[in-house]
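In: could you look at this predicted model? Sequence included:
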Amino acid sequence: MIKIKTNLNGRQRELAADDYTEPLLDVLRKNGRTGTKEGCKAGQCGACVILINNKPVNACLFPVFRAENKKITTIEGLGKPNNLGVIQQSFLEKGAVQCGYCTPGMVLSTKALLDKTPSPSENEILESLDGNLCRCTGYVKIIDAVKLASERIRNGRNK
Amino acid sequence: MPLNWHLNGLGMEETNNFKEVGKSKIKVDGQALVTGQPQFVADFAIPDMLWAKILWSPHAHARIRNIDTAKAEKLPGVKAVLTYRDVPRIPFTTAGQGAPEPSPYDSFILDDKVRYVGDRVAAVAAETEEIAARSLELIKVDYEILEPVFDPRNSAKKGAPVIHDEKEAHMPLPLAYEPKKNICAHVDINIGDVKAGLKEADYVVEHEYDIHYAQHTPIEPHITTVYFDAHGRIVILTSTQVPFHVRRIVARSLNIPIRKIRVIKPRIGGGFGVKQEVLIEPLVTAIALKAGQAVCLKYTRKEEFVSSRCRHPQIIKLQTGIKKDGTVSAIDMRIIQNNGAYGSHGLTILCNTGSKILPLIKCPNVLFEGDVVYTNLPVGGAYRGYGATEGYFAMGVQLDEMAEKIGVDVVEWCKKIHIQVGETSPVFAALGEGVEGVEQNITSCGLDKCIELGAKEIDWYGKKNKKQDGRYRRGVGMAILMQGSSIPEIDMGSVFIKMNEDGSFNLLLGATDLGTGSDTVMAQIAAEVLATETENIIVYSSDTDLTPFDVGAYASSTTYLSGQAVIKAAQKVKDQILKVASEMMNEPMENLKAENAAVSGKNGRVTFTEIGHYSLYTKHQHQIMDSASHVTHKSPPPFSAHFGEVEVDMLTGKVRVIKYVAAVDCGTAINPVSAEGQVEGAVLNGISYALCERFIFNEKGRMLNPNFDYYKIFSTRDLPEIKTILVPTYEPTGPFGAKSVSEIGINGPCPVIANAIYDAVGARLYRTPFLPESVLGAIKGKK
């Protein structure tokens, strides 16, 4: 057992891991952050997308040692029931959540996009979410939600 | 009882004067999902839980002469190893259907025979997944290799290897089942005189259509955790669409009394039919019992592809007769359905290919015949569309060709040949779920409007039949569709409602929300009847200890079936509320009216909060609560017209969908945004299936592409413009006029895209998927 120092959702935290190469996805889930989902364990579905220093990565392919002293953002860091983040709120209002299993990864990919490009073009949205598979929605409402969140962020709303 | 009994007295007959229904309410479970709260099976850790792994067959057909597990058992951390010797030899079906099921009892938890590459051989439970995986390598299996059969055209022929030669295999209902011939089911109906119908036709069109394997790919693969509660009862926490069928089938497979089992369905990460299968629950329960400890088994993505369930491939021979005046004089449809190694859902899917397609087209002479055969390939199961997707490819393409033969515009012609309100089809009575069906007249149909609005949205007359040169050519295609709403006289849903002292209500139901939003839809229906807001309804589904029975989420049933049970129970609860209010207000009940979470009469007004508190604490104390069950007597079809525009690259054969329009009549959309979401999800899955999803097998029956790199499903970059048009009608037998919407959308893309390709390049495709090489081949074949 080893310990990795990180900044997890704004708090200093030591994550317990089996070894340095254990995938961050498994480490997060064992450390009680189960919002990050496992869908393929091969970096092909995006269900486990999280942010490392604000950049999206597939946590299933990301060895835990590379998170040392880095800023990790998971879905738990974006909001809580009754206190949703602006992207989460937009996803709900637009009907972008069906089963919800791809949602955490989808929301974090959206956050990475909007942090960098607050007013993305349609194409930029499609490119940014391409690594996140969803089988329920046909993506239509998800794209609508990203546009709504973008509009709200432009108007200075962060919650 | 009149059909619209539940609306009597509510003053809501077709007024659409709804307060909660027909509104796009936010999902009742949405906040938890969007914040990543622990909601799914994998999110619940049980102390000292073991992890299971399965050893899969490398052979398509073999008998296990011997299994040596001694080394695996000795590996530190391994707690239990399970082979066929450790489980009772009780045959069952994994199909989660009404009991007894119309699927053969041809499966065991583990068997001494394997029937496809990816069939289960043994299972291990260990302290970690890694140890479990390592221990599998230590199991030595001595196989007697048997000859396999992969081609469904050959498997029922004389001399073919028998896949189910075990004496226990049988059909629990008196239905055709001949395992010695690899025939899993047979269907045969004959209406009118097809020979005469073909003879009197001016044109006869005949083609063979080939529809391929596909997997549902829910983003959450199958997962089940089994643990034991303080009383030693078995608790099965599982990602399922059918919790009550899980309880019954696990009980049967292990010969355990039902009372010892509790099944909990938390949130489900997508199902699309694949979780209508009681696939891994019996095995996980068996190994947990052997280990005496909690065990979790989660499928990998590869296992989900190979060792789960798929869409049944079909070979459809379709012969149709048509007269110059546009009358369809005969339909002759013959099918070979490849069920793979086990017979799950075989018969009913085949029946559905007939019963969800043939009644749509008015035709006096219909022959429908089919064989469901076993092969040594992955196993078919329920998949959104359930046989209709396969059949609509054939029928949709053939209708397009028939219209061309008689020289009419297919859009206008479709309006003339489809079933209308007040009409019936003999197919409804002839074809049911493996048994005879239920006669019905169509009581709502918005298909003409769907066709009209869809054609306008795609600009049909501006785009059809455009002569083109050059590398990229565009074309448009269309198809008309129907499905059903629940299985009449078979499926049942029930609910329980109680009132709390703040005027809120608990709605407990067995209906299984698998991401579709049915919990929200049910809350809206309850709120509408109870004259309160959706936010005041607390929904809990589903838990076999706590919620009343429901068959589960399948057959496009939840809104139509369980929604009626909600209306009945809510009506009874409302009557009790009025009774208490009458006592509180000292006024006869007939003076009282419930509105905005309060009851008002001539003497004033009491709120639901006051009524709830009074009933529990003040006088004549009792719990305001009631329950109701519902069985449907009809299966009213939703209707839909789909239109698509494609662009074909003449050089590469690559097809790109530019725009796709789905106009759908689902009666009243209880939650319009959710209804649109159902259509959009189904449509994109259908487009992805039509263009790129496929199983690639080697000559030994091994699937070579069990991952998202080589089994491509559509992602955002592939997304065409999708436009959903909801065409409201009012189905008198449905809850507030609603019909189903979840499945129908997946049936359109195969015929629509094939017809659009034909419009673009003049080549017809009779085999799915439309890969660049097939499209190029069809273009070259035409020249």
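Out: All right, it came through fine. Residues are numbered from 1 along each chain as shown, chains lettered A, B, ... in the order given.
In: what strand or helix carries the residue positioned nearest the centre of chain A?
Out: Nearest residue to the geometric centre of chain A (C-alpha atoms, centre = their mean): residue A:108, 2.6 Å. Element membership for residue A:108 (DSSP states H and E) is helix A:103-116.
In: pull the distance from that helix to the chain's centre.
Out: 6 Å (C-alpha atoms, centre = their mean, to the nearest Å).
In: on that earlier part again, please tell me how far the nearest residue to the residue nearest to the centre of chain A once chain neighbours are set aside sits from residue A:103.
Out: In space, and not counting its chain neighbours, residue A:108 is closest to residue A:49: 5.0 Å by C-beta to C-beta, 6 or more residues apart in numbering or on different chains. Yep, even glycine has a C-beta here, placed from its N, CA and C like the rest. From residue A:49 across to residue A:103, the span is 11 Å (C-beta to C-beta, to the nearest Å).
In: is residue B:188 in a bridge, and if so with what?
Out: Beta-bridge partners for residue B:188, by DSSP bridges, are residue B:369.
In: which stretches of chain A have low pLDDT?
Out: Chain A contains residues with pLDDT under 70 at A:158-159.
In: for it, what spans make up the strands?
Out: For chain A, strands defined by DSSP state E occupy the ranges A:2-8, A:11-17, A:49-52, A:55-58, A:71-73.
In: export those as TSV, with columns for distance to residue A:64 and mean neighbour count.
Out: Shown next, in TSV, are those (distance: least, C-beta to C-beta, whole Å; neighbours: other C-beta atoms under 10 Å in any protein chain shown):
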stretch	distance to residue A:64	mean neighbour count
strand A:2-8	5	17
strand A:11-17	5	14
strand A:49-52	11	24
strand A:55-58	12	20
strand A:71-73	10	21
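In: now do the contacts for residue B:530.
Out: B:505, B:537, B:570, B:573, B:574, B:577, B:594 (C-beta atoms under 8 Å, 6 or more residues apart in numbering or on different chains).
In: count the neighbours of the fifth one for me.
Out: Spelled out, it's residue B:574. By the criterion of other C-beta atoms under 10 Å in any protein chain shown, residue B:574 has 22 neighbours.
In: which of the strands of chain A sits closest to residue B:725?
Out: Nearest to residue B:725 among those is strand A:49-52; the distance by C-beta to C-beta comes to 33.0 Å.
In: helices or strands up against that closest one?
Out: strand A:55-58, strand A:71-73, helix A:103-116 (3 or more C-beta pairs under 8 Å, 6 or more residues apart in numbering or on different chains; DSSP states H and E).
In: assess the claim that the residue nearest to residue A:108 and residue A:58 are in contact.
Out: Yes: in this structure, residue A:49 is within contact of residue A:58 by C-beta atoms under 8 Å, at 6.1 Å.
In: shared neighbours of those two, anything?
Out: In contact with both residue A:49 and residue A:58: residue A:131, using C-beta under 8 Å, 6+ apart.
In: how is chain A divided into domains?
Out: Using automatic domain parsing, the domain parsing of chain A gives A:2-75, A:86-154.
In: confirm that residue B:659 sits in a strand.
Out: Yes: Residue B:659: assigned to a strand according to DSSP: H, G, I helix; E, B strand; the rest coil.
In: next, count neighbours for it.
Out: 17.
In: before we move on, what about the one 5 residues further on?
Out: Residue B:664 has 31 neighbouring residues, counting by other C-beta under 10 Å.
In: please, which helix or strand holds it?
Out: Here residue B:664 is assigned to strand B:655-665, by DSSP H and E.
In: who's in contact with the residue lying farthest from the centre of chain B?
Out: Residue farthest from the centre of chain B, counting by C-alpha atoms, centre = their mean, is residue B:603 at 51.5 Å. Shown in contact with residue B:603 (C-beta under 8 Å, 6+ apart): B:585, B:586, B:587.
In: how near is the first one to chain A?
Out: Read that as residue B:585. From residue B:585 across to chain A, the span is 36 Å (C-beta to the nearest C-beta, to the nearest Å).
In: one more: the last one?
Out: If you measure residue B:587 against chain A using C-beta to the nearest C-beta, the figure is 39 Å.
In: how about the nearest residue to that residue, chain neighbours excluded?
Out: In space, residue B:587 comes closest to residue B:601 once its chain neighbours are excluded; the distance is 4.3 Å by C-beta to C-beta, 6+ apart.
In: surely that neighbour and residue B:590 touch.
Out: No: using C-beta under 8 Å, residue B:601 is not in contact with residue B:590; the gap is 9.5 Å.
In: settle it for me: which of the two has more neighbours?
Out: Each of residue B:601 and residue B:590 has its neighbours counted (other C-beta under 10 Å); residue B:601 has more, 20 against 9.
In: which residue sits closest to the residue of chain A positioned farthest from its centre in space, ignoring its chain neighbours?
Out: Relative to the mean C-alpha coordinate of chain A, counting by C-alpha atoms, centre = their mean, the farthest residue is residue A:1 (26.5 Å). Closest residue to residue A:1 in three dimensions, ignoring its sequence neighbours and counting by C-beta to C-beta, 6+ apart: residue A:16, at 6.0 Å.
In: re the thing from before, out of the domains of chain A, deepest packed?
Out: domain A:86-154 (a mean of 23; mean count of other C-beta atoms under 10 Å in any protein chain shown).
In: okay, how far is it across it, tip to tip?
Out: Using C-alpha to C-alpha, to the nearest Å, one end of domain A:86-154 lies 11 Å from the other.
In: for residue B:532, which non-adjacent residue is spatially closest?
Out: Residue B:532's closest residue in space is residue B:597 (C-beta to C-beta, 6+ apart), at 4.3 Å.
In: kindly apply the preceding question to residue B:257 instead.
Out: In space, and not counting its chain neighbours, residue B:257 is closest to residue B:251: 6.6 Å by C-beta to C-beta, 6+ apart.
In: shouldn't the residue nearest to the centre of chain A be in contact with residue A:51?
Out: Yes: counting by C-beta under 8 Å, residue A:51 is a contact partner of residue A:108 at 5.7 Å.
In: which residues are common contacts for these two?
Out: Shared contacts of residue A:108 and residue A:51 (C-beta under 8 Å, 6+ apart): residue A:73.
In: and the stretch 451-600 of chain B, which residues reach chain A?
Out: B:514, B:515, B:516, B:517 (C-beta under 8 Å from any C-beta of the partner chain).
In: which one of those is nearest chain A?
Out: residue B:515 (2.6 Å; C-beta to the nearest C-beta).
In: please name the nearest non-neighbouring residue to the closest one.
Out: Looking at residue B:515 with C-beta to C-beta, 6+ apart, the closest residue is residue A:99, at 2.6 Å.
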